[in-house]
Structure formats: C-alpha cells, structure tokens
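S.K.: Okay, predicted coordinates and the sequence, questions at the end:
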Amino acid sequence: MKIYICEPKEIDQEAINLLQKNGFTLLTRVRRFEAEALFMRTYTTIDYKYLQNFPDVKYILRAGVGLDNIDRKECKSRNIEVINAPGSNANAVAEYVICMMILVSRSIILQMANLDRNLWRDRTLIGRELSGSTLGIIGCGAIGQTIAIKLRAWNLDRILGYDPYLGQAALRNFNIQKCSLSRLWRESDFITLHIPLNPETQNLITEKEISLMKETTILINASRGGIVNEKDLITALKNKAIMAAALDVYENEPDINSELIKIANLYTTPHIAALTIEAEKQMCIGPVKKLLDILSNNQELL
Ligand code: NAD
C-alpha cells in the first residue's frame, strides 16, 4: 500500500519504521497523488478540496484524537476509513492540566520570574491549594476521566462534570458529579475543557459565561482553540473577571493573537499538552497498528 505522510516532522519515527517493516511504500511529495492512505496530524485539513487530489485514498490515519480537521462526511461519501488513536494522549494531557492548576493557582511562574530579577517572594501572589477546591470538567471522556482518577488523592471538595453524552452512572465511577453548565460556571474554582471542536462547542465560553464564574476561578483550555472566545477572554482577564487562564490551544495556530502573550494572568503554552515521549509514540503507532489489523482482517495484500 502506498502511503503519504502529510506532516513528516509530526510523525514518530517508530510509526514510520513499522509501516516500512510491513511493506508500505512511503511516497515522496512529488508522487503523493498516488497515495492509497494518508498519515496526518494537526495542521492538515482534510476536506473536499484536499481529497480531490487523492482519488485512490482509502484510509486516513490521524496521529492523535481530535477529528475536527477532517471532514468525516466527505470521507464517508468517498468510502474512506478514518483511523485515529482514542485515549492515546489522555495521560499526557491530564498531567499537563494538573500541573497548570498548581502552577497558576500558586503563581509559581511569576514568583520564579521575580527571583530571576533578584526580587524575593511576593506575598500578594499567595495561592490556593487544590485540596478543598471544586473542579469543573467539561467533557468527561478519556482525558476528563483520567484527570478525575489522578486527583483522587488530592482531597478536592468535589469534581463537577458537564457531558450531555454521558449519564450520572458513568461519571460516578470516576467520582464526578454530573451537573448543568450553569452550576459548573458558578461553583468551580478550576474549570478545564476536554471536548471536541464542532459547531456545538465553538464559542462555548464567551464574555457571558465568564461573567457567571467566580472572580477566583482559573480556566484551562487544552482541548481546541475556538471553544473559548479569545477576544472575550482577553477582556475578562484584563478586567480581572476571573483570576487567570491557561491556554494550550488557540483560534489560529501557530500564528496566535500576539495580545494573548502580553496578559499577565494568562499562561500560554504552544500546544504541548500531549507532547510527551510516551504519548507521541502511542498517538502515531496506534493508528498504524489499527490499519495493519484492518488490512490483515480484510486479507488485503500490502
Ligand atoms: P473523548 O472523545 O474521549 O472525550 C470527549 C468527551 O466530550 C466525550 O465524553 C463527549 O461525550 C464529550 N462531549 C462532546 N460534546 C460535548 C459538549 N458539547 N459538551 C460537553 N461534553 C461534550 O476525547 P479526549 O481524548 O478526552 O479529548 C478531548 C478533546 O481534547 C479532543 O477532542 C481534542 O480536540 C482535544 N485534545 C487536545 C490535545 C492537546 O494537545 N492540547 C490533546 C488531546 C486531545
């Protein structure tokens, strides 16, 4: 099978080796239009226009979880199977989120910057503990559940969860109390988002929702840019409507709105929540293994 690696720098070498070991032909850019499979990650948009150039594609491998950059209806109409790696980066993202909860609530980065400038501790930056706090998780799938499991030992007061597609019984296993969005906005000390970007979730958080949160709330978005309205977040943070926010994802990547970087109570990272050695391997190798399984079940010749 001929495969084109759309984002070569983004695909782990072990996954490439596995493809080669199993007889796949890796196409060069010049011959890419002969591809029967595409291997992509975050910065390729698979839509009608893109697929026009790839008449023979039968499989799309997506290294990662989110499928918001793939027009799945278009793929279905062309009989193209989309293969991703669900749960492959849940641990990495969960660790990132817990890290940001502590970094932000304790102003650790600001205190470190002070020390770099020869200033001793700033008592006005005194922080709060996770213990006794309320966490609100929006989207209680693989990542949301992993966060809840990891926080079992941290003595939070409670974990609230909003996920219209999961019932109370499913969430109870993870010590998450199912609740409405309005309650989650009002009661959470920390709010973290783990939902796909789609028309239903775009601009889920605007000025209106932020105005319902506590002034001490810390908002974390490591899901997708566009779910939190950046313009409204900037205004809210400037007005101290909430304590702080941490963003790993942006409306425009990698050319992000430069104003975001200038805001003192906004902590920004360059889409690294899932960037660990372990997750990289699982995200890239997972779809290759699935494709190999499908092909061997179909008894197709490689
Ligand atoms: P998942 O599919 O396991 O879980 C997503 C959950 O969101 C599901 O339980 C679903 O029912 C729920 N959901 C869907 N629409 C919702 C809505 N409108 N309101 C509330 N809940 C809703 O996915 P996951 O592995 O937990 O990942 C979540 C998202 O995080 C992905 O879609 C991806 O876009 C993003 N992500 C980002 C990074 C990163 O590097 N920053 C890494 C991994 C995943």
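M.R.: Structure received.

S.K.: contacts and neighbour counts: CA atoms only from here.
M.R.: Noted.

S.K.: end-to-end on stretch 2-21?
M.R.: End-to-end distance for stretch 2-21, by Cα to Cα, to the nearest Å: 13 Å.

S.K.: and what of stretch 48-59?
M.R.: 15 Å.

S.K.: List the buried residues of that stretch.
M.R.: For stretch 48-59, the neighbour count (16 or more other Cα atoms under 10 Å) marks 51, 54, 56-59 as buried.

S.K.: now those residues as JSON lines including secondary structure, distance to residue 158 and pLDDT?
M.R.: Shown next, in JSON lines, are the buried residues of stretch 48-59 (DSSP: H, G, I helix; E, B strand; the rest coil; distance: Cα to Cα, whole Å; pLDDT from 0 to 100):
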{"residue": "51", "secondary structure": "helix", "distance to residue 158": "46", "pLDDT": "97"}
{"residue": "54", "secondary structure": "coil", "distance to residue 158": "50", "pLDDT": "97"}
{"residue": "56", "secondary structure": "coil", "distance to residue 158": "51", "pLDDT": "98"}
{"residue": "57", "secondary structure": "coil", "distance to residue 158": "47", "pLDDT": "98"}
{"residue": "58", "secondary structure": "coil", "distance to residue 158": "46", "pLDDT": "98"}
{"residue": "59", "secondary structure": "strand", "distance to residue 158": "43", "pLDDT": "98"}
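
S.K.: For the residue lying closest to residue 53 once chain neighbours are set aside, give me its contacts.
M.R.: Excluding its sequence neighbours, the residue lying closest to residue 53 (Cα to Cα, 6 or more residues apart in numbering) is residue 33, at 6.0 Å. Taking Cα atoms under 8 Å, 6 or more residues apart in numbering, we find residue 33 in contact with 53-55.

S.K.: Out of those, the closest to the ligand would be?
M.R.: residue 54 (25.3 Å; Cα to the nearest ligand atom).

S.K.: So the closest one sits against residue 37, correct?
M.R.: No. Counting by Cα atoms under 8 Å, residue 54 does not reach residue 37; the two are 9.0 Å apart.

S.K.: Would you map the helices across the stretch 51-200 of the chain?
M.R.: 72-77, 90-105, 108-116, 142-150, 168-172, 181-187 (DSSP state H, counting those that start in this stretch).

S.K.: ok, and what's touching the shortest one?
M.R.: Outside of helix 168-172, the residues that reach it under the criterion Cα under 8 Å, 6+ apart are 140, 161, 177-178.

S.K.: For the stretch 101-250 of the chain, which residues are neighbours of the ligand?
M.R.: Contact residues, the stretch 101-250 of the chain versus the ligand (Cα under 6 Å from any ligand atom): 138-144, 162-166, 194-196, 200-201, 222-224, 248-249.

S.K.: Poorly predicted segments of the protein, please.
M.R.: Applying pLDDT under 70 to the chain flags the ranges 299-302.

S.K.: can you do 90?
M.R.: 298-302 (pLDDT under 90).

S.K.: Determine the longest helix present in it.
M.R.: helix 277-298 (DSSP state H).

S.K.: Let's see that helix as CSV, backbone CA atoms only.
M.R.: Extracted in CSV, the C-alpha atoms of helix 277-298 (Å, rounded to 0.1, in the frame of the first residue of the first chain):
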residue,chain,number,x,y,z
ILE,A,277,7.7,10.8,24.5
GLU,A,278,5.1,8.2,25.6
ALA,A,279,2.0,9.9,24.0
GLU,A,280,3.9,10.7,20.8
LYS,A,281,4.6,7.0,20.3
GLN,A,282,1.0,5.9,21.2
MET,A,283,-0.6,8.6,19.0
CYS,A,284,1.5,7.7,16.0
ILE,A,285,1.9,3.9,16.4
GLY,A,286,-1.8,3.3,17.4
PRO,A,287,-3.3,4.2,14.0
VAL,A,288,-0.7,2.2,12.2
LYS,A,289,-1.4,-0.9,14.3
LYS,A,290,-5.1,-0.4,13.7
LEU,A,291,-4.6,-0.2,9.9
LEU,A,292,-2.5,-3.3,10.0
ASP,A,293,-5.3,-5.1,11.8
ILE,A,294,-7.9,-3.9,9.4
LEU,A,295,-5.8,-5.0,6.4
SER,A,296,-5.0,-8.4,7.9
ASN,A,297,-8.7,-8.9,8.7
ASN,A,298,-9.6,-7.9,5.1
